[in-house]
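1. dropping the sequence and predicted coords here.
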Amino acid sequence: MKALPTALTCTGALTNKIECILFDVYGTLFISGSGDIHKAQKGPRDNHRLKKLLDKYKINQKPRMVWANFFGQIELEHQAMREKGIDVPEIIIEKTWQDVLGIDLQTARAFAVEIEWIQNPVYPMPRLKQMLQDCRKLKLLMGLISNAQFFTPYLFDWFLESKLEDLGFSPDITLFSYQVGYAKPSPYLFQLAAERLKQKKIPAQTVLFLGNDMLNDIYPAQKVGFNTALFAGDARSLRIRKDHPQCKDLSADLVITRLDQLPGFLT
């Protein structure tokens, strides 16, 4: 997969010294075929490929009914979580597939990975590994805040042949939606990161968040006081959202169109 260029150019500046950088994953560090992991769950339903997958796992269900039951189960789970006060709920995808298909957890995890490849193929953004190495050389604390599922951390293993910690990501500020039950654009993940960084004596104004979506990334990051950088390096995933009330007058501190532009703003 290749990144598709956008009409935006690299611009902006940072006025604060940055001690920590937090990244989004889908559409920022990795090219995302659907542009977003959640869009993939709602996206085009390839019944032919799903039928092959169901046959492979010996699941005797019709693809259309599987999709209908899957989306219905997600809505039921979301509703139950909203009733508990979770503003933007996140499911645990393997448990959802387990309920829908009536299969064991191990099979559900394998099925979830394969259906994800159908709905949302991914590939590293150009210059990803070099950018991470450059940020490590600057001795910056690094973390992730992303809408994600259990297979998301494996992307770094599969494509970069490295564990998250080996790439420089700190476990306590690597926050995935499926782990906490909240998804972006809820500010919850950002508030949690800000609290943990405060315990490390790293104030919000020295933190930079990089993401591709003005609503999911830039808006909640600014709400907790982080500096922000919009990644505009792939047309599939760039989300300006000027028609959204929260994003109408919103702008990021930086706009970058290639990952390797980022370290130059951090020195």
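-> Perfect, thanks for sending it. Nothing here was measured: the structure is a model prediction, and the numbers come from that model. Numbers count the residues shown, from 1 in each chain.
2. ok, residue 97 to residue 30 distance?
-> To residue 30, residue 97 is 22 Å away according to CB to CB, to the nearest Å. Where C-beta positions appear, they are placed from N, C-alpha and C, glycine not excepted.
3. same question but for residue 58, I mixed them up
-> On the measure of CB to CB, residue 58 and residue 30 end up 31 Å apart.
4. the two: which is more packed in?
-> Using other CB atoms under 10 Å as the criterion, residue 58 and residue 30 rank with residue 30 on top: 25 against 8.
5. wait, isn't that one in contact with residue 121?
-> No - assessed by CB atoms under 8 Å, residue 30 is found out of contact with residue 121, at 10.0 Å.
6. quick one, helices of the protein?
-> Along the chain, the segments classed as helices by DSSP state H run 37-42, 47-56, 63-83, 93-101, 105-119, 128-137, 154-160, 177-180, 188-199, 219-223.
7. so can I have TSV of those showing mean pLDDT and distance to residue 15?
-> Formatted as TSV, the helices of the chain follow (pLDDT from 0 to 100; distance: least, CB to CB, whole Å):
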stretch	mean pLDDT	distance to residue 15
helix 37-42	62	33
helix 47-56	94	49
helix 63-83	95	38
helix 93-101	97	40
helix 105-119	95	40
helix 128-137	96	19
helix 154-160	96	31
helix 177-180	97	30
helix 188-199	98	19
helix 219-223	98	14
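8. with respect to residue 10, which of these lies nearest?
-> helix 128-137 (13.7 Å; CB to CB).
9. who does the closest one touch, helix- and strand-wise?
-> Judged by 3 or more CB pairs under 8 Å, 6 or more residues apart in numbering; DSSP states H and E, helix 128-137 is in contact with strand 141-146.
10. report the angle between the strand it packs on and helix 128-137.
-> Using axes from the mean of the first three to the mean of the last three CA atoms, to 10 degrees, the direction of strand 141-146 lies 140 degrees away from that of helix 128-137.
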